[in-house]
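Q: What follows is a predicted structure for the sequence shown.
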Protein chains: 2
Amino acid sequence: MLEALASRGLKRTPQRLALIRELADDPSHPTAMELYERLRASMPTMSFATVYNTLSALCEQGLCTARALEPGPVRFDPNVEPHDHAVCDACGRVIDISQAGSSPSRVAVTGFAVRSVERIYRGRCVGCAAPAEHAARAEHTTGD
Amino acid sequence: MLEALASRGLKRTPQRLALIRELADDPSHPTAMELYERLRASMPTMSFATVYNTLSALCEQGLCTARALEPGPVRFDPNVEPHDHAVCDACGRVIDISQAGSSPSRVAVTGFAVRSVERIYRGRCVGCAAPAEHAARAEHTTGD
DNA sequence: TGTCTTAGTTAGAAGGATTCTTATGTGCAA
DNA sequence: TTGCACATAAGAATCCTTCTAACTAAGACA
């Protein structure tokens, strides 16, 4: 990700390097505010606008993606490969799911020129499923 | 939808009836602002907060759902059956897609208790695909 | 290494979306 | 019809995101 910066004509500033390091290490799909809070620990002078500027620049260059999986602030995802997401109803956690395995290669969307397909699984993550397991079991059947 | 109001203990006020009529007739997944603008034509005194209050009440009662398919304002969907969506990259239009037909009844999400699965198709709708058809043809392969 | 140019950063304001507050109004049951 | 609880209106507050302008620093080049 770092070497991609230079090859795209983006300057390697300390702020960008810190943000990229923070984002690349993080599979939790943080919001801009979460990234800002964490970065401020090591860079107290960093501006919130810089976080947005940098994230927009990265997204524009295809180095990360902005995702709105549920109402609320946008989440940023360093994984730019096509993949699915599992969203926990209870804690809001977002988990990446590889798209390998299930592949409806043609979809029945009349007249719609499909570029990509993404699945969103909703339910409960490991941590939240355990306490509510008996309650969830009743409606555990995957929906379709 | 109207009769569902009473059975759930919600009062049938003119504002709610108007909003429900507007929403139920509309497959375009309008935003709260769009609904407000349309309703104001017939109910000039209607407050924007009422639109939000009513939509929240309806969502809470399971009579509609709030969807964040892309960054920006939340869109409201009168279709509460499990279904997929096609989002146009060009005009932002959101189209409902029936889930009948493709059904990965079990998904390989380790440790995640799946309640529902939703697919989001991205690409170009009929109106937008035509003008850009030759350009789109190159990357028309559906992704997975 | 020093200077220049351009892009990036900062701080804060602005704007859009959503929620909250409070006084007032209204549907509905008795 | 009356009374009560819920709904509405209006606007403020809050949250998220983008924009602006002045300053700063990265990278290119001599």
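A: Happy to help now that I have it.
Q: Pass me the low-pLDDT residue ranges in chain A, would you?
A: A:1-2, A:100-110, A:131-144 (pLDDT under 70).
Q: DNA strand D contacts on that one?
A: Residues of chain A lying close to DNA strand D (C-beta under 7 Å from any atom of the strand) are A:6, A:11-14, A:31-33, A:48-49, A:52, A:56, A:72-74. The way it works is simple: take the backbone N, C-alpha and C, and place the C-beta from them, glycine included.
Q: Can I get the buried ones among the residues you listed as something I can paste into ChimeraX?
A: Applied in ChimeraX, the following selects the buried portion of the residues of chain A next to DNA strand D according to 16 or more other C-beta atoms under 10 Å in any protein chain shown:
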select /A:32,74
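Q: same for DNA strand C: which of the residues of chain A next to DNA strand D are within range?
A: Okay, of these touching DNA strand C (C-beta under 7 Å from any atom of the strand), that's A:Lys11, A:Thr13, A:Phe48, A:Ala49.
Q: So which of the residues you listed sit within helices?
A: Those of those mapping onto helices are A:Phe48, A:Ala49, per DSSP state H.
Q: What is the nearest of the ones next to DNA strand C among the residues of chain A next to DNA strand D to B:Ile20?
A: A:Phe48 (39.6 Å; C-beta to C-beta).
Q: Please give me every residue in contact with A:Ala75.
A: Actually, residue A:75 is Arg. It isn't Ala. For A:Arg75, the contact set (C-beta atoms under 8 Å, 6 or more residues apart in numbering or on different chains) comprises A:His29, A:Pro30, A:Thr31, A:Ala66, A:Arg67, A:Ala68, A:Leu69, A:Val94.
Q: of these, closest to DNA strand C?
A: Minimum distance to DNA strand C across the contacts of A:Arg75 is 9.9 Å, recorded for A:Ala68 (C-beta to the nearest atom of the strand).
Q: List phi and psi for the residue nearest to that closest one when sequence neighbours are not counted.
A: Excluding the flanking residues, the one nearest A:Ala68 by C-beta to C-beta, 6 or more residues apart in numbering or on different chains is B:Ala68, at 4.2 Å. Backbone dihedrals for B:Ala68, given as degrees, to the nearest 10, come out at phi -110, psi 90.
Q: Test my guess that B:Ala68 contacts A:Arg67.
A: No - here B:Ala68 lies out of contact with A:Arg67, judged by C-beta atoms under 8 Å, at a distance of 9.2 Å.
Q: Identify the bridge partners of A:Tyr97.
A: No, residue A:97 isn't Tyr; it's Ile. A:Asp84 (DSSP bridges).
Q: Tell me, how many residues neighbour it?
A: Close neighbours of A:Ile97, defined as other C-beta atoms under 10 Å in any protein chain shown, add up to 20.
Q: Test my guess that it contacts A:Val87.
A: No - here A:Ile97 lies out of contact with A:Val87, judged by C-beta under 8 Å, at a distance of 10.5 Å.
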